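# here is a sequence with its predicted model. Questions after.
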Amino acid sequence: MAGPSLGLGALLTTLVALGPLSTDLYLPSLPTLAVVFSTDAARVQLTLSVFLAGFAVAQLAYGALSDRFGRRPLMLGGLLLYFLASLGCLFATSIEQLILARFIQAVGACAGPVLGRAIVRDAWGAVDAARTLAYVSGAMALAPLVGPALGGMLTVNFGWQANFVLLAFFSALQIGAVWLWLGETNAHPDPEATRVGRMLENFRTFLVDRNYLGYLLALGLSYSMLFAFISGSSFILIGRFGLSPAVFGLCFGVVVVGYISGTQIAGRLVRRLGADRLIAAGAWLGAFAGLVMLAVDRWAPAHLAGVLAPMFFVTLSVGLVMPNASARALAPYAKMAGAASALMGFLQMGMAALVGIVVGHGVEQDASVLPMTVALCGVLVPCCYLTLVRRPRS
């Protein structure tokens, strides 16, 4: 491969965006699904949490397999599986079938983010990976910015199945783009990478590394704040405030602008301030914004701005933390980038899936579950980061 290019960055952005697009596009249709399949909010929310669980588990396999066989063939295989599972979602006739199809869809979707991060580490190296991931994350945020609004319009005009028609079409385009334009970036294939003993030893190496663990927990807890909102937002904004699916999508977009702002700030300032300072700033901002959201919910729960304004700053903090924590965690592991990225993604998505289940089961009975969860995760981000990460001395 000649070297990283703008075209490669654009392609990776669409691949990394496959995960958030798969969750955010059909968020406005969740209340509709409860009616269509004659079920409750908790069961419908399982289509989100099961997606996250499948997304998390499959990453462990993708990391090791890509370290041995390369990134390109695994990316193509994952996208093909995603395409077929999207058709399964489209033709589901029960909530159980939809949940199963979503799990399979997640197994394919996770190829994009886990291999995309590894490709960034392969192509850009340790120094520029944080900056590149920040810009990729910012561009990727166009998916959750546009997704709910587009999904709301599709649901209103064509029904909930239209969302999965679009996802199937999008993945078909990606298969063609990867086939034509993505070269192999793994310059150090490891024939031992898929041996179980080697995989466990690699994971042990990562988990006894205090810095890796600290960055991982900061990343996972930050993403859990975001996913708590993703899981409960439609039931609160549509249920409590009576917004239409289309208006819900626009309100969700306001929150996503915070994430885009955070990633752009991170991309511009990382060389000047360093990744660790930006992680620390984002961690404290997220904790403060989460506590403000909880306080507003207690004393002024009837105001829509009391949900959206704090979440804007929560997602801004996530935009500061996630790309920098990802790059810092992967930096020392050039020859194990796939495995390191896979374990990171597994634990990140696993934590978020558990948070999503809690919010999904509690939000119908008590809407305060959402701000409580966001605030708790927000406070834990700086606690874990400051306790575990040993920053290099100036």
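Looks like it arrived, so ask away.

# so L291 touches G378, yeah?
Yes: applying CB atoms under 8 Å, one finds L291 in contact with G378, separated by 7.1 Å. C-beta here means a position set from N, CA and C on the backbone, and glycine is covered the same way.

# out of those two, which sits in the more crowded spot?
G378 (30 against 17; other CB atoms under 10 Å).

# any idea how far S222 is from the closest residue in space to W124 that isn't next to it in sequence?
Counting by CB to CB, 6 or more residues apart in numbering, T132 is the residue found nearest to W124 once chain neighbours are left out, at 4.8 Å. For T132, the distance to S222 (CB to CB, to the nearest Å) stands at 19 Å.

# which one of these two has more residues nearby?
Between T132 and S222, S222 has the larger neighbour count (other CB under 10 Å), namely 31 against 23.

# which parts of the stretch 201-350 of the chain are helices?
210-234, 245-273, 275-299, 305-330, 337-362 (DSSP state H, counting those that start in this stretch).

# out of these, which gets nearest to F55?
Among the helices of the stretch 201-350 of the chain, the nearest to F55 by CB to CB is helix 337-362 (4.8 Å).

# okay, angle between whichever helix or strand comes after that closest one and helix 210-234 too, please.
Sequence-wise, the next helix or strand downstream of helix 337-362 (DSSP states H and E) is helix 369-388. Angle of helix 369-388 versus helix 210-234, following axes from the mean of the first three to the mean of the last three CA atoms, to 10 degrees, is 170 degrees.

# what packs against helix 369-388?
Counting contacts by 3 or more CB pairs under 8 Å, 6 or more residues apart in numbering; DSSP states H and E, helix 369-388 packs against helix 210-234, helix 275-299, helix 305-330, helix 337-362.

# weakest of these in terms of mean pLDDT?
Here the helices and strands packed on helix 369-388 differ in mean pLDDT, and the lowest is helix 337-362 at a mean of 80.

# quick one: distance of that helix to the chain centre.
Chain-centre distance of helix 337-362: 9 Å, with CA atoms, centre = their mean, to the nearest Å.

# got JSON lines for the helices of the stretch 201-350 of the chain, with distance to A172 too?
Formatted as JSON lines, these follow (distance: least, CB to CB, whole Å):
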{"stretch": "helix 210-234", "distance to A172": "25"}
{"stretch": "helix 245-273", "distance to A172": "24"}
{"stretch": "helix 275-299", "distance to A172": "36"}
{"stretch": "helix 305-330", "distance to A172": "28"}
{"stretch": "helix 337-362", "distance to A172": "24"}
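
# buried stuff in stretch 173-188?
Q174, I175, A177, V178, L182, T185, N186 (16 or more other CB atoms under 10 Å).

# hmm, which helix or strand of this protein has the shakiest average pLDDT?
The weakest-scoring helix or strand in the chain, judged by mean pLDDT, DSSP states H and E, is helix 111-140 (a mean of 71).

# and the angle from the helix or strand following it to helix 305-330?
Next along the chain after helix 111-140, taking DSSP H and E as the criterion, comes helix 142-158. Per the same axes, to 10 degrees, the angle that helix 142-158 makes with helix 305-330 is 130 degrees.

# for helix 142-158, what does the pLDDT average out to?
Averaged over helix 142-158, pLDDT sits at 79.

# give me the contacts around it.
Residues outside helix 142-158 that contact it (CB atoms under 8 Å, 6 or more residues apart in numbering) are 17, 20-21, 24-29, 32, 162-163, 166, 244-250, 252-253, 256-257, 259-260.

# from the chain's centroid, how far away is that helix?
Worked out by CA atoms, centre = their mean, helix 142-158 lies 18 Å from the chain centre.

# for stretch 175-188, same thing?
Distance of stretch 175-188 from its chain centroid, counting by CA atoms, centre = their mean, is 22 Å.

# quick one: end-to-end length of that stretch, please.
From its first residue to its last, stretch 175-188 covers 25 Å (CA to CA, to the nearest Å).

# distance of L12 relative to W181?
Counting by CB to CB - L12 and W181 are separated by 11 Å.

# make that G159, sorry
Taken as CB to CB, the spacing of G159 relative to W181 amounts to 34 Å.
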